[in-house]
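Asker: Give me coordinates for this.
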Amino acid sequence: MKLSKYKTITLTLVILVVISLLGNLFQNNVLSEIAWVLILPTLIFFYTSFKSKKSILFIVFLSGFAISEILKLWFITSEVIYYYTSYAFIMLAYSSLIILFIKGIKFKKLIKYFKFHLIILVAFNLYILYTLNEMILQDETLEVNTIIFYVEVIYNILILLMLSTSLMYYLHNLNKQSLLLFLACVCIVFSEMIQVAYVFITAEIFLKMIYSILMAIGFGLIYYYTLIDVKRRQLITQ
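Answerer: Got it, this is the predicted structure:
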């Protein structure tokens with residue numbers, strides 16, 4: 001495969017990201033959402049077409065996220081369907097990525113060399129989880145002890161687990177690709193936190209822009225993670 005094909009896919013993704021960001025900036029939600037929805041299938045196509053050794057868990061992550069975003073757009077007027085379908089797929093996506101990280105970690109080695117880091121990580125997660133739940137409770141229309149409330153709590157736990165396991169995965173492997181995945185998870189998790197503020201506290205346009213930018217950077221890092229692995233394997237086989 002020639003380098004021009006990489007450039008074509010990269011250019012396509014950049015154009016879609018720009019369209020999505022401009023759609024948010026000018027409050028054209030339909031244009032923004034359609035452009036964003038097209039980004040994820042492009043990533044899936046690249047990963048499944050050009051990567052020699054594919055991870056089923058990584059494909060589930062990308063596919064679950066893509067389906068969640070498609071359902072979010074398709075059923076944008078139905079809150080019930082949004083919670084019970086879109087959230088189900090995105091939680092499946094995050095769960096698969098968590099399992100991928102856990103499978104790549106030898107915890108005895110991790111505990112031996114990074115005890116202090118893990119203690120700080122647990123404390124940080126508890127603080128962030130508390131903060132996120134407090135932000136959710138700012139919404140006076142949200143009833144506690146309902147299915148929707150528990151979905152939000154489980155969702156918050158999953159994104160923090162994803163962040164934590166990605167950090168542990170990086171500490172365990174200490175290579176460029178694990179760093180890219182960790183930084184991608186950082187961007188995705190912080191974008192989710194911004195989205196919580198946007199949905200439950202104040203619907204300011206700058207919050208939506210920050211959410212979109214962080215999410216775009218996160219999946220850009222995921223694309224780069226896949227790209228460098230494909231290029232490296234191609235050089236080896238030549």
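Asker: Any idea how many residues pack against residue 107?
Answerer: Neighbourhood size, residue 107 [other CB atoms under 10 Å]: 11. For every residue, glycine as well, the C-beta is placed using N, CA and C.
Asker: can you check residue 222 too?
Answerer: Using other CB under 10 Å, residue 222 has 24 other residues around it.
Asker: List the residues that contact it.
Answerer: Residue 222 makes contacts with 43, 62, 180-181, 184, as judged by CB atoms under 8 Å, 6 or more residues apart in numbering.
Asker: Would you check which pair of those residues lies furthest apart?
Answerer: 62 and 180 (14.8 Å; CB to CB).
Asker: Look up the closest residue to residue 216, ignoring the ones flanking it.
Answerer: Take residue 216 and drop its neighbours on the chain: the residue closest to it by CB to CB, 6 or more residues apart in numbering is residue 17, 4.7 Å away.
Asker: Point me to the helix or strand that includes that neighbour.
Answerer: Residue 17 belongs to helix 3-25 when assigned by DSSP states H and E.
Asker: what residues does that helix touch?
Answerer: By CB under 8 Å, 6+ apart, helix 3-25 touches 28-33, 35-36, 38-39, 42-43, 46, 205, 208-209, 212-213, 216, 220, 223, 227, 231.
Asker: let's go with 6 Å and repeat that
Answerer: 31-32, 35-36, 38-39, 42, 46, 208-209, 212, 216 (CB atoms under 6 Å, 6 or more residues apart in numbering).
Asker: Give me the buried entries from these.
Answerer: Buried members of the contacts of helix 3-25, scored by 16 or more other CB atoms under 10 Å, are 32, 35-36, 38-39, 42, 46, 208, 212, 216.
Asker: rewinding a little: what is the subsequent helix or strand relative to the helix holding residue 17?
Answerer: Criterion used, DSSP H and E; the element after helix 3-25 is helix 29-50.
Asker: between that next one and helix 3-25, how many degrees?
Answerer: Interaxial angle, helix 29-50 versus helix 3-25 (axes from the mean of the first three to the mean of the last three CA atoms, to 10 degrees): 160 degrees.
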